[in-house]
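**Q** Output the structure for:
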Amino acid sequence: MATIKDVAREAKVSIATVSRVINQDDKVRDKTREHVLMVMKSLGYQVNVNARALSTQKTATLGLVVPDISDPFFACLAKGVDSIARQHQSQVLLCTAQNSSDSEQQAIDSLLQRRCDGIILYCTHLADSALIDIVERYSNVVVVARNIPEIAENCIYLDDELGGQLAAEHLLALGHSRFASIMSELPIQDPKHRLSGFNSALYKQALTLTEDQVVYGAPDQLGGELAANTLLKNQQVFTALFAYNDAMAIGAISALEEAGFKVPDDISVIGFDDICLAHYSRPKLTTLHYPVEAIAKHAALLAINKHTQLDKTAHSHRYQPTLVERQSTAFAPIAASKQSLNENQTERQN
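**A** The predicted model follows:
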């Protein structure tokens, strides 16, 4: 195996020069850098990353914790982090947490032990107090999708309440007055805030969403299908359905159509996130765009800048969702056919 001495001898430069090239020192001339890198490649020299980390106090790694990499939303999040890592000649160390606070803490501890230059967390189970403790001890940790005032400068999140409000306003503008919702059962802020925004917009029009009209389930397609079936089984009558995310919305559409309803002719369905499947579902899904890749890139840059102490901001970073209108929402059934719709729904549910 080639050593740094072999590279220096073959390149006819000092060991110190080879070391500077390895550590990406800007003081090395471009011509010399290219020559040394070419020699390293020809000899098959591999950098000792542990030794470089001791010398530079940088590991050239970014850590990322997400609940489930099979979810398109989190795959997009990982893609955004990876793009920034590559720009900084770094690699992403990805950990998935298995829907428990213990697994999330284990994943975080693993990344901390590897001394990542920055760590991005999307945690659904760890309490705010636990995240506060981590960030106070490690300033290069950035929390995504949580707004925690005590560590606001390390938080990047979406205005979920605004998203719920926009969803309701869109459906109200289409003349709907009978609503239902399917939300994530996970103990996180997102579903509460989205539902709160939705209800606030309804309240302004003297409308309400009762507890019976909201069903909670797993935030995936199967969860959406089961939640929609529960609404139908309980004989809830509605012409518009607000889903926690696109996956639940797509699952709900499947359940509604299997029960004999047409989307959007009988029931309009709106999702949240705007994952790639939203464009290709049938009908194409109306949804709220979650700029997840932009947030991921922002989080990665913030983590790197916190590590290098380039970022000294003392404020949180909030993004806003936008409505993407496609084909799964339409005008509510006209007043003359409301009674007919109600009777049809009751017959189909029976």
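
**Q** And the strands in the stretch 1-150 of the chain?
**A** For the stretch 1-150 of the chain, the strands defined by DSSP state E, counting those that start in this stretch occupy 61-66, 91-96, 118-121, 141-144.

**Q** actually the stretch 201-350 of the chain, sorry about that
**A** Under DSSP E, counting those that start in this stretch, the stretch 201-350 of the chain gives strands at 214-217, 240-243, 268-270, 287-289, 317-319, 322-324.

**Q** what comes into contact with the last one?
**A** The contact list for strand 322-324 (CB atoms under 8 Å, 6 or more residues apart in numbering) reads 166-167, 170, 274, 278, 286-289. Where C-beta positions appear, they are placed from N, C-alpha and C, glycine not excepted.

**Q** just to revisit the earlier point, okay, the strands of the stretch 201-350 of the chain in JSON lines with mean neighbour count and mean pLDDT next?
**A** Below are those laid out as JSON lines (neighbours: other CB atoms under 10 Å; pLDDT from 0 to 100):
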{"stretch": "strand 214-217", "mean neighbour count": "20", "mean pLDDT": "98"}
{"stretch": "strand 240-243", "mean neighbour count": "30", "mean pLDDT": "98"}
{"stretch": "strand 268-270", "mean neighbour count": "27", "mean pLDDT": "98"}
{"stretch": "strand 287-289", "mean neighbour count": "25", "mean pLDDT": "98"}
{"stretch": "strand 317-319", "mean neighbour count": "16", "mean pLDDT": "93"}
{"stretch": "strand 322-324", "mean neighbour count": "15", "mean pLDDT": "98"}
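
**Q** Of the contacts of strand 322-324, which is the nearest to S70?
**A** S70 lies nearest to A278 out of the contacts of strand 322-324, by CB to CB, at 17.0 Å.

**Q** now that closest one, nearest residue through space, not along the chain?
**A** Among residues not flanking A278 along the chain, L285 sits closest, at 4.0 Å (CB to CB, 6 or more residues apart in numbering).

**Q** Next, count neighbours for that neighbour.
**A** If you count neighbours by other CB atoms under 10 Å, L285 ends up with 28.

**Q** Next, it: phi, psi?
**A** phi -90, psi 130 (degrees, to the nearest 10).

**Q** didn't it look like it was pressed against V269?
**A** Yes: counting by CB atoms under 8 Å, L285 touches V269, with 7.3 Å between them.

**Q** joint contacts of those two?
**A** Common neighbours of L285 and V269 (CB under 8 Å, 6+ apart) are 249, 253, 328.

**Q** So which of the strands of the stretch 1-150 of the chain has the densest surroundings on average?
**A** strand 118-121 (a mean of 29; mean count of other CB atoms under 10 Å).

**Q** What mean pLDDT does that one get?
**A** Strand 118-121 carries an average pLDDT of 96.

**Q** can you pull the contacts of I120?
**A** 62-65, 81, 141-142, 144, 296, 299-300, 303.

**Q** Of the residues you listed, which is the nearest to L94?
**A** Once CB to CB is applied, the member of these that ends up nearest L94 is L64, at 5.1 Å.

**Q** dump the residue contacts of the closest one.
**A** Going by CB under 8 Å, 6+ apart, L64 touches 77-78, 81, 92-95, 119-120, 122.

**Q** who does it bridge with?
**A** Under DSSP bridges, the beta-bridge partners of L64 are L94, I120.

**Q** By neighbour count, which of the shared contacts of L285 and V269 wins?
**A** Counting neighbours by other CB under 10 Å, A249 leads the shared contacts of L285 and V269 with 30 neighbours.

**Q** sorry, back to before: for the shared contacts of L285 and V269, which one is nearest H176?
**A** Closest to H176, out of all of the shared contacts of L285 and V269 and judged by CB to CB, is S328, at 12.9 Å.

**Q** from the contacts of I120, which is closest to F242?
**A** When these are compared against F242 (criterion: CB to CB), the nearest one is V144, at 23.2 Å.

**Q** Nearest spatial neighbour of that closest one, chain-adjacent residues omitted?
**A** Y122 (4.8 Å).

**Q** ditto for Y138
**A** L112 (6.5 Å).

**Q** Stretch 17-37: end-to-end distance?
**A** For stretch 17-37, the first-to-last residue distance is 11 Å (CA to CA, to the nearest Å).

**Q** Report the mean per-residue pLDDT for it.
**A** Averaging pLDDT along stretch 17-37 gives 87.

**Q** Give the buried residues for it.
**A** Under the neighbour-count criterion of 16 or more other CB atoms under 10 Å, stretch 17-37 has 17-22, 28, 33, 35-37 buried.

**Q** Then stretch 215-234?
**A** For stretch 215-234, by 16+ other CB under 10 Å, it's 215-221, 223-229, 231-232.

**Q** So the residue nearest to Y138 sits against L121, correct?
**A** No: L112 sits out of contact with L121 when judged by CB under 8 Å, with a separation of 11.1 Å.

**Q** so V143 bridges to which residues?
**A** With DSSP bridges as the rule, V143 is bridged to L121, C155.

**Q** State the distance from it to Q24.
**A** Separation of V143 from Q24 (CB to CB, to the nearest Å) stands at 29 Å.

**Q** Please parse this structure into its domains.
**A** According to automatic domain parsing, the chain comprises the domains 4-56, 61-158+292-319, 160-286+325-349.

**Q** In terms of mean pLDDT, which of those domains ranks lowest?
**A** The stretch with the lowest average pLDDT out of the domains of the chain is domain 4-56, scoring a mean of 83.
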